[in-house]
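>>> heads up, no residue letters with this:
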């Protein structure tokens, strides 16, 4: 594969239901889509699923666009390789910016799978023909509205529900959901919103009595010692998300016993190859994993489904149907969940047709290496 052309598209889609976490509320999602074309005219698609604001992490849609056009496009354009890892090495000098890298990683993996006539799940080493999906619910204006959302997702057949929590919105809503759904696979996600203090410890002690599958990312990303101390006090499994960006973070998590479960997000970890490596390392250590989501459009969502087909993904992943979030998606057919399960595509690449004409028409910003040229001076610096 020799990369001959790269296009980027900034696209926004409205959410069907606004979503609130411990940091902010959003009614729409803006991501950057990456299209790579090789010398034989074959294309692959990836998605830079960075948030618009720097609340989940430091990256935003704006920073991802800058890094993509200034560094990643010049690094990849004209590169050749037989394997996705060959092409991923072209941007290895760029530190951080995992979301931006993940979009390019997804595109070269999709291209590789299409070029070889195999499904992306097969290329990654997937063993399942379907994956179990869960849903993530944000903070609602009231407990009654939260209960209505939980019931809606249970009626749709989803076996697992994740609740976003924050100081002041934690024990009461969880208890209300648990009382209404005593058999529900239920877990909570704090997105690192709690300080490492006695008041927060008391909250987690009360949540520990609610039969949760896990408590995800209670403390700030770098507080691995605090997570280890909390895990030692709780019967409920702690799960880490924002804390694990690189494989070294995962090794530290395992060594410190800071958590018993890992959320693997392709975007947070910088692409499919490192996500696969994290899966392999966790599997060897006996750590169950699941695939987290960033409200991906169809391109990124399909890649998450493919990754979730790997054998270590033992817990429901955030790969719910596209219709939970968007009126219509940018792939055909959209990702569909039936009774809480999503079929793993068997067609080449991500297994879906990308609606290119719609993307071209609706994109608010477009970069085309064939038309705009490429700035490459910065790559030679340092």
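That came in fine, so what should we check first? As the structure is a computational prediction, the values presented were derived from the model and not from experiment.
>>> I figured residue 266 hits residue 303, correct?
Yes: the pair residue 266 / residue 303 is scored as a contact, 6.3 Å apart, by C-beta atoms under 8 Å. The C-beta positions use only the backbone N, C-alpha and C, and glycine is treated the same way.
>>> shared neighbours of these two, which are they?
106, 272 (C-beta atoms under 8 Å, 6 or more residues apart in numbering).
>>> buried ones in stretch 241-252?
Residues 241-245, 249-250, 252 are the ones in stretch 241-252 that count as buried (16 or more other C-beta atoms under 10 Å).
>>> just the terminal-to-terminal distance for it.
13 Å (C-alpha to C-alpha, to the nearest Å).
>>> name the surrounding residues that touch that stretch.
The contact list for stretch 241-252 (C-beta under 8 Å, 6+ apart) reads 56-57, 98, 189, 191-192, 216-217, 220-224, 227, 253, 258-259, 262-263, 265, 268-270, 274, 277-278, 281-282, 292.
>>> I'd like the average pLDDT over it.
The average pLDDT within stretch 241-252 is 97.
>>> isn't residue 294 up against residue 49?
Yes: Residue 294 is in contact with residue 49 according to C-beta under 8 Å; the separation is 4.0 Å.
>>> what touches both of these two?
Joint contacts of residue 294 and residue 49 (C-beta under 8 Å, 6+ apart) are 267, 300.
>>> the more surrounded of the two?
Taking other C-beta atoms under 10 Å, residue 294 and residue 49 do not tie; residue 49 has more neighbours (30 against 22).
>>> filter the contacts of stretch 241-252 down to the ones in strands?
Residues of the contacts of stretch 241-252 located in strands (DSSP state E): 189, 216, 262-263.
>>> ok, the residues you listed vs residue 323, which is closest?
Nearest to residue 323 among the ones in strands among the contacts of stretch 241-252 is residue 189, at 22.1 Å by C-beta to C-beta.
>>> contacting residues around the closest residue in space to that closest one that isn't next to it in sequence?
Leaving aside its sequence neighbours, residue 189 sits nearest to residue 216 (C-beta to C-beta, 6 or more residues apart in numbering; 4.0 Å). Contacts of residue 216 were listed using C-beta under 8 Å, 6+ apart, and they are 162, 187-190, 238-241, 263.
>>> which strand residues sit across from the nearest residue to residue 39 once chain neighbours are set aside in the sheet?
Nearest non-adjacent residue to residue 39, counting by C-beta to C-beta, 6+ apart: residue 2, 4.3 Å away. According to DSSP bridges, the residues that bridge with residue 2 are residue 80.
>>> surely residue 2 is in contact with residue 77?
No: Residue 2 is beyond contact range of residue 77, at 9.8 Å (criterion: C-beta under 8 Å).
>>> who has more neighbours, those two?
Neighbours per residue, other C-beta under 10 Å: of residue 2 and residue 77, the larger number sits with residue 77, 18 against 12.
>>> ok, that one touching residue 369?
Yes: counting by C-beta under 8 Å, residue 77 touches residue 369, with 5.5 Å between them.
>>> find residues that contact each of the two.
With C-beta under 8 Å, 6+ apart, residue 77 and residue 369 have common neighbours 5-6.
>>> hang on, isn't residue 43 packed against residue 37?
Yes: if you go by C-beta under 8 Å, residue 43 and residue 37 touch, sitting 5.0 Å apart.
>>> before we move on, the earlier item: show me what contacts the residue nearest to residue 39?
38-39, 78-80.
>>> can you say which of those residues are buried?
38, 79.
>>> for residue 92, state which of the contacts of residue 2 is nearest.
residue 79 (11.7 Å).
>>> where does the closest one land on pLDDT?
Residue 79 is given a pLDDT of 97.
>>> residue 80 versus the residue nearest to it when sequence neighbours are not counted, what's the distance?
In space, and not counting its chain neighbours, residue 79 is closest to residue 90: 4.7 Å by C-beta to C-beta, 6+ apart. Using C-beta to C-beta, to the nearest Å, we find residue 90 at a distance of 10 Å from residue 80.
>>> ok, residue 168 next?
Residue 168 is 54 Å from residue 80, by C-beta to C-beta.
>>> next one: residue 275
Taking C-beta to C-beta, one finds residue 275 at 24 Å from residue 80.
>>> residues contacting residue 352?
Residue 352 neighbours (C-beta under 8 Å, 6+ apart): 298, 302, 331-335, 345.
>>> residue 97 - how many residues pack around it?
So residue 97, with other C-beta under 10 Å, has 21 neighbours.
>>> contacting residues for it?
59, 63-64, 67.
>>> closest to residue 318 among the residues you listed?
Nearest to residue 318 out of the contacts of residue 97 is residue 59 (C-beta to C-beta; 18.8 Å).
>>> which SSE is that closest one in?
For residue 59, there is no enclosing helix or strand under DSSP states H and E.
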